[in-house]
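>>> need coordinates for the following:
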Amino acid sequence: MFGPERLISLKKITSEDVLTKDIMDLILPIDEVAHVQSMNPLEHALLVLMKTGYSAIPVLDKDTQLEGVISKTMILNGVVGIERIEYEKLSEYTVEKVMNTKVPVLKTTDNLLTAIKMLINETFICVENEAGIVQGILPRSTILKYLNHYLRGLGHDIVQQP
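Here you go, the predicted model:
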């Protein structure tokens, strides 16, 4: 997370630092990310979304590879019938039926500028290593906090603990 527990030193931020910032310093590690699997029932996915307060979460396979993203809106659209909300579909349908499989992905080697461009239309982006294993997510809110810190002229960068 972007907080004091990850601080070890402070240094002056330059515009070059902002543009070349290592996104791995800003990601939320995968073991801290709420996610579901494609074969989970929609009911389970909705519960995870409701309990965490997130509007969308990644769908990962057992090997931590990205399969897609699911959101509250996707789930609701999946259970709305012509005349009523078909609540029984929450337990009948799986995440796979309604998830979005066409999602942008960052690589661990991408820089902050690439991330900013991708996050314009997303609340978070999954970050994968070269093997396609998700290492974590980069939330738009983290980028905004980092840029706010820079733009407000606080003049110090956060350096992650090793």
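>>> so what's the residue count around the residue nearest to Met74 when sequence neighbours are not counted?
Leaving aside its chain neighbours, Met74 sits nearest to Val98 (4.7 Å; criterion: Cβ to Cβ, 6 or more residues apart in numbering). The C-beta positions use only the backbone N, C-alpha and C, and glycine is treated the same way. Using other Cβ atoms under 10 Å, Val98 has 20 other residues around it.
>>> next up, the contacts around Val98.
By Cβ atoms under 8 Å, 6 or more residues apart in numbering, the contact set of Val98 is Leu42, Ile70, Met74, Ile75, Asn77, Gly78.
>>> tell me the SS of the fourth one?
In other words, Ile75. helix (DSSP: H, G, I helix; E, B strand; the rest coil).
>>> any quick PyMOL command for the buried ones out of the contacts of Val98?
In PyMOL, a selection of the buried entries from these looks like this (16 or more other Cβ atoms under 10 Å):
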select buried, resi 42+70+74+75+78
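>>> give me the pLDDT for Pro162.
pLDDT recorded at Pro162 is 53.
>>> before we move on, what about Asp110?
For Asp110, pLDDT reads 93.
>>> and what of the one 5 residues further on?
The score at Ala115 is 93. That number is its pLDDT.
>>> one more: Asn148?
80.
>>> which stretches in the protein count as strands?
Using DSSP state E, the strands of the chain run over residues 10-11, 28-29, 56-60, 66-71, 105-107, 124-128, 134-139, 157-158.
>>> for the residue located most distally from the centre of the chain, give me phi and psi.
For the chain, the residue at maximal distance from the C-alpha centroid (Cα atoms, centre = their mean) is Glu83, at 34.2 Å. Backbone torsions of Glu83, given as degrees, to the nearest 10, read phi -120, psi -10.
>>> need the per-residue pLDDT for it.
92.
>>> look up how far Ser38 lies from it.
Per Cβ to Cβ, to the nearest Å, Glu83 is found 29 Å from Ser38.
>>> one step back: dump the strands of the chain to TSV, plus distance to Asp22.
TSV is the format used below for the strands of the chain (distance: least, Cβ to Cβ, whole Å):
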stretch	distance to Asp22
strand 10-11	14
strand 28-29	14
strand 56-60	21
strand 66-71	21
strand 105-107	12
strand 124-128	11
strand 134-139	11
strand 157-158	11
